[in-house]
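**Q** Next input, structure requested:
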Amino acid sequence: MTIDDQKLVEQCEAGIKTLAGVDEWVRANPQAAGSSGEALLRESNRLARALRKEAATAARKMCVGVFGPSQSGKSYLISALAQDADGSLLAALGDESADFIQDINPAGGKESTGLVTRFTLTPSGAPTMFPVKLRLLSELDIVKILTNTYYADCRHLTPPDEDALAARVDELAKKAKGEPWRASFSEDDMIDLKEYVTRNFRATAVVQKLEHLYWPKAIHAAGRLAPEDRAALFEILWDEAKPFTGLYLRLRGVLDALGYPDEAFCGKEALLPRETSIIDVETLRGLREAEGADSLELVTKDGRRVTAGRSEIAALTAELAITMRHKPDDFFEHTDLLDFPGYRSRLKTDDVARELAKPDQIRQFFLRGKVAYLFERYKTDLELTSMLLCIGPSNQEVQDLPAVINDWVSDAAGKTPELRQGRHTTLFLVLTKFDMEFEKKKGALDDETRWSNRLHASLLDFFGKQHDWPEQWTPGQPFNNTYWLRNPKFRWEAVIAFDGDRETGIRPEQEAYVSDMKAKFLNTPEVRRHFADPEAAWNAAFTLNDGGVAFLRRRLRPVCDPAIKRRQVADRVADNLRPFVEHLRRFHRIDDKAALREQQRQLGMRLARSLALTAQNQRFGELLRAMLMRDHELYALYYQVENRLMRENEQAPVPQPSMGSAASAQDIMDDLFGDMAPPVPASVETTEAAPHPLDEAGAFAELVVGAWIEQLNALAADPVRQRYFGLEAEDFGQFVHELIQGMSRLGLEKDMAQAVRDVSGYRNIRRDKLIWRQASMAAYCISAFVDWLGFNPASVPEARRTIQLAGRTRTLFGQQPDPEGYPDLAAEPLAFDRQYYTDWLAALMHLIEGNADYEGGQTFDPEQNARLGQLINNLNPSVFTQDN
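**A** Numbering: from 1, shown residues only. Coordinates of the predicted model:
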């Protein structure tokens, strides 16, 4: 690790400490944080987890990854990039060496690997007798893989039984109550698991139900359960598919015996002979056999030795490190080369049980989930600085691949064309099997369109129909970092002449044909747009005994710069911190009230101008809709109320019910016994109990408002939405903050809680229908606030809807008079929506100006305010972008 890398690590660690200070400030100042307190804590914890990953990434060498669908021609590129000048790729195995291509890598012709292979010059530090270094999956990695395959390889047409799901979670949560944390992972890791499942599979009905029926209890319970009960909790994620659960327990058992290390070492027999190597996916077939059918010994850094099945070790290996004896290129001094397993199509089965009953099918499920998850993990952990994306000819079959690549582009290069501008292009599109484009076909038309067809099949139609980066890598500039690759080990005898195994040149009788094809290639419009140097790319593919690798190496060298990786990490840190810091800044007060009012007035005018353009572009209604919450979302949220109150009730009395007005226990006793009724102790009578912070309706309203605030903040932080609605990131964040402040000032949460109580006063109604009523009322309260900003004409009289703005008196949201008789229709429709836009923007400016004098019922604490200012300064994103 260089001095610059160490500096970035220290900056990330300092950021984590500052975020801990933010948590302390929020908890110490609940009134100042207001309704945003819970959202601030959740976001602070998320950022701390992200910074820990960033720090780990900064400490590691930068990596270039070779990636693509199965059978796309990656193998030749990997071997050619990693081999030395003599054409060999020697792997260090202790004091011995083995030729990776001839002795270790599985024979070609089929899909071969189920793990990531790292080619590096860095010594492994392995014990002499155990020279093979493995990076292992964690316990929760196994859970993520099984969850990935369950949701991505299976269609879930039947919604889950909510009552059964909730009952099972409750049963397991009770077992965890009062138990110490005993797992290898933390609650933070469980939150990370929740985010992984929700982020990737939120479209499925099952995952939507898990949000409120499973995660609130599972996060706190998982690490407190015994292994078998923990497996029972996790298997809810894959609907109790027993082969999945059995595999989880089997692999977890190996990790437990090892002590849950990040890495382990094994002997060279793990790789040799290659027919039984753990690198070969065929080794995973042993997962269906009895344990120990073929075993290997593993040793950890601390000397712990464990014997486990070869198939289990192959399944648990995330990465195999190959230390190269010779340096293939200077950039390997600071760059590792990663070979990812070929990305696969998903199974899309309708019947999981039927599929799992087939021989070897558990291997297929696990392998597909593992391949997809490994790329996701390396992407999320920011380990993949640059990518060589190999795409073969013909139509592409792996339909999930465009979204996967787009996610990587967003993380590594920038989410938008504007963010990608000025940065190195770290995505290399490698069009493989160049020689197949020369097959002679009937008809002259094919010769004219074949190069256009290839680019459409491999880039424009496959990636470009779903995402904008192929046509807009930077503003007005299409993606053009495209290359050809040809494998000279496949004898192209129709075009190339040979002397033994060596290529000697183009056959004389083919020179005219090749020249004609080159001219057509260079004159194809798509080629000129998407190849930075079309002629150089063509000539490189025809380089004898090379096929384009040397040209790729030259183009790759400038990108293999540790400074680029540091900038990527620093930019991602800054991009993550920026919206949070802006959000936090709005709680920091300035002492000059007059200056604050003027600041608010200017903000209101600026937002009104931007939102007027949103209305002109006919997107204002969409913006309002994006700020609403649907009743079905709030119905699911209601189930969190019980979980929250149960946790609070461990130290507090039972809250008032929200089912209408509660009957008095003393009144009931008086009705039964009259004057002889014994007194009811005050500690038992719920209506006179010690004060509780919230009843069910209050807890529900607080949860709804908290979820709504999160939704608003996510909306404002989304670059795509920012562009669509025409709001700059900072303005969008301030707009949302003012709405939240105004909501708090106008008492939306309190009004919502009362409205929920009012609709709950029915005793003869099923609980699920009652919850629907409460959810619908909560959704209506949010809708009314968004639509009218406190000036709802249905409940606010005209006198209170009359305001002073810009020196004029204005009545907001006036009602149109009923027409008398038949109306006269003008040639152009009347702009009724314009009046609404005008009134809404006036209401917004009035709301923002009113927020300037809002204290939130709190006592101003100058010391805490200064503390917040210091925390904001310490989290300044420019610290990262300027110094790295």
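**Q** Point out where the stretch 201-350 of the chain drops to low pLDDT.
**A** 289-293 (pLDDT under 70).
**Q** now the helices: where do they sit in it?
**A** Counting by DSSP state H, counting those that start in this stretch, one finds helices in the stretch 201-350 of the chain at the ranges 205-213, 215-221, 227-234, 242-258, 310-316.
**Q** tell me the most buried of the ones you listed?
**A** helix 310-316 (a mean of 25; mean count of other Cβ atoms under 10 Å). All C-beta atoms are positioned from the backbone trio N, CA, C, and that covers glycine.
**Q** other SSEs contacting it?
**A** With contacts taken as 3 or more Cβ pairs under 8 Å, 6 or more residues apart in numbering; DSSP states H and E, helix 310-316 sits against strand 132-136, helix 242-258, strand 295-299.
**Q** Format the ones you listed as a markdown table; extra columns: distance to residue 854.
**A** As requested, these are exported to a markdown table (distance: least, Cβ to Cβ, whole Å):
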| stretch | distance to residue 854 |
| --- | --- |
| strand 132-136 | 53 |
| helix 242-258 | 52 |
| strand 295-299 | 62 |
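**Q** Show me the one of the ones you listed that comes nearest residue 628.
**A** helix 242-258 (37.9 Å; Cβ to Cβ).
**Q** Just name whatever secondary elements the closest one is in contact with.
**A** The contact analysis (3+ Cβ pairs under 8 Å, 6+ apart) places helix 242-258 against helix 139-152, helix 227-234, strand 305-309, helix 310-316, helix 361-380.
**Q** Check those for me and report the most buried one.
**A** helix 310-316 (a mean of 25).
**Q** quick one, what contacts the nearest residue to residue 225 once chain neighbours are set aside?
**A** Spatially, and ignoring its direct neighbours in sequence, residue 225 is nearest to residue 176 (5.2 Å; Cβ to Cβ, 6 or more residues apart in numbering). Shown in contact with residue 176 (Cβ atoms under 8 Å, 6 or more residues apart in numbering): 220, 221, 222, 224, 225, 229.
**Q** next one: residue 464
**A** Contacts of residue 464 (Cβ under 8 Å, 6+ apart): 470, 471.
**Q** Report the buried residues of whichever strand or helix holds residue 613.
**A** Per DSSP states H and E: residue 613 is located in helix 593-616. By neighbour count on 16 or more other Cβ atoms under 10 Å, the buried set for helix 593-616 is 600, 603, 604, 607, 608, 610, 611, 614, 615.
**Q** contact partners of that helix?
**A** Residues contacting helix 593-616 (Cβ under 8 Å, 6+ apart): 589-590, 620, 623, 725-728, 731, 734-735, 738, 833-834, 837, 841, 844-845, 848-849, 851-853.
**Q** what's the answer for stretch 812-822, then?
**A** 788, 791-793, 798, 801-803, 832, 836, 839, 842-843.
**Q** Now do the buried residues in that stretch.
**A** Of the residues in stretch 812-822, 812, 813 count as buried by neighbour count, 16+ other Cβ under 10 Å.
**Q** where's that stretch relative to the chain centroid, distance-wise?
**A** The chain centroid and the centroid of stretch 812-822 are separated by 49 Å under Cα atoms, centre = their mean, to the nearest Å.
**Q** Compute the first-to-last residue distance for that stretch.
**A** Distance between the two ends of stretch 812-822: 27 Å, counting by Cα to Cα, to the nearest Å.
**Q** could you check the distance from the residue nearest to residue 211 when sequence neighbours are not counted over to residue 706?
**A** Nearest residue to residue 211 in three dimensions, chain neighbours excluded: residue 636, at 6.2 Å (Cβ to Cβ, 6+ apart). Separation of residue 636 from residue 706 (Cβ to Cβ, to the nearest Å): 14 Å.
**Q** Residue 389 too?
**A** Distance from residue 389 to residue 706, by Cβ to Cβ: 41 Å.
**Q** Same check on residue 733?
**A** 18 Å.
**Q** likewise residue 303?
**A** Residue 303 sits 48 Å away from residue 706, going by Cβ to Cβ.
**Q** same question, residue 67
**A** Residue 67 is 39 Å from residue 706, by Cβ to Cβ.
**Q** Which residue of those two possesses the greater neighbour count?
**A** residue 67 (25 against 19; other Cβ atoms under 10 Å).
**Q** residue contacts, the closest residue to the more buried one other than its chain neighbours?
**A** Nearest non-adjacent residue to residue 67, counting by Cβ to Cβ, 6+ apart: residue 340, 4.6 Å away. Taking Cβ under 8 Å, 6+ apart, we find residue 340 in contact with 65, 66, 67, 116, 374, 375, 378.
**Q** any idea which of these is closest to residue 428?
**A** Taking these together and measuring to residue 428 by Cβ to Cβ, the closest member is residue 66, at 9.5 Å.
**Q** how would you label the closest one: helix, strand or coil?
**A** Here residue 66 is recorded as strand under DSSP: H, G, I helix; E, B strand; the rest coil.
**Q** okay if I get the contacts of stretch 812-822 as TSV plus neighbour count, pLDDT and secondary structure?
**A** Conversion of these to TSV gives the following (neighbours: other Cβ atoms under 10 Å; pLDDT from 0 to 100; DSSP: H, G, I helix; E, B strand; the rest coil):
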residue	neighbour count	pLDDT	secondary structure
788	19	95	helix
791	22	95	coil
792	13	94	coil
793	15	93	coil
798	13	91	helix
801	19	92	helix
802	13	93	strand
803	17	91	strand
832	8	73	helix
836	16	92	helix
839	20	93	helix
842	22	93	helix
843	22	95	helix
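**Q** Make TSV out of these and add distance to residue 506.
**A** As requested, the contacts of stretch 812-822 are exported to TSV (distance: Cβ to Cβ, whole Å):
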residue	distance to residue 506
788	75
791	79
792	79
793	81
798	87
801	82
802	85
803	81
832	72
836	71
839	75
842	75
843	74
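**Q** which of these lies closest to residue 764?
**A** Using Cβ to Cβ, the contacts of stretch 812-822 come closest to residue 764 at residue 792, 31.1 Å.
**Q** out of the helices of the stretch 201-350 of the chain, nearest to residue 105?
**A** The nearest among these, by Cβ to Cβ, is helix 310-316 at 14.8 Å.
**Q** From the contact counts, what lies against the lengthiest helix in the chain?
**A** Identified as the longest helix of the chain according to DSSP state H is helix 3-28. Counting contacts by 3+ Cβ pairs under 8 Å, 6+ apart, helix 3-28 packs against helix 37-59, helix 562-585, helix 862-874, helix 878-883.
**Q** Highest mean neighbour count out of these?
**A** Most buried among the helices and strands packed on helix 3-28, given mean count of other Cβ under 10 Å as the contact rule, is helix 562-585, at a mean of 21.
**Q** So for that one, mean pLDDT?
**A** What helix 562-585 shows for mean pLDDT is 89.
**Q** what does stretch 721-739 give?
**A** 90.
**Q** what do you get for stretch 769-785?
**A** 93.
**Q** So which bits of it are buried?
**A** Buried residues in stretch 769-785 (16+ other Cβ under 10 Å): 770-779, 781-785.
**Q** ok, these vs residue 29, which is closest?
**A** Nearest member of the buried residues of stretch 769-785 to residue 29, counting by Cβ to Cβ, is residue 785, at 24.9 Å.
**Q** The closest one against residue 743, yeah?
**A** Yes. At 6.1 Å, residue 785 counts as touching residue 743 under the criterion of Cβ atoms under 8 Å.
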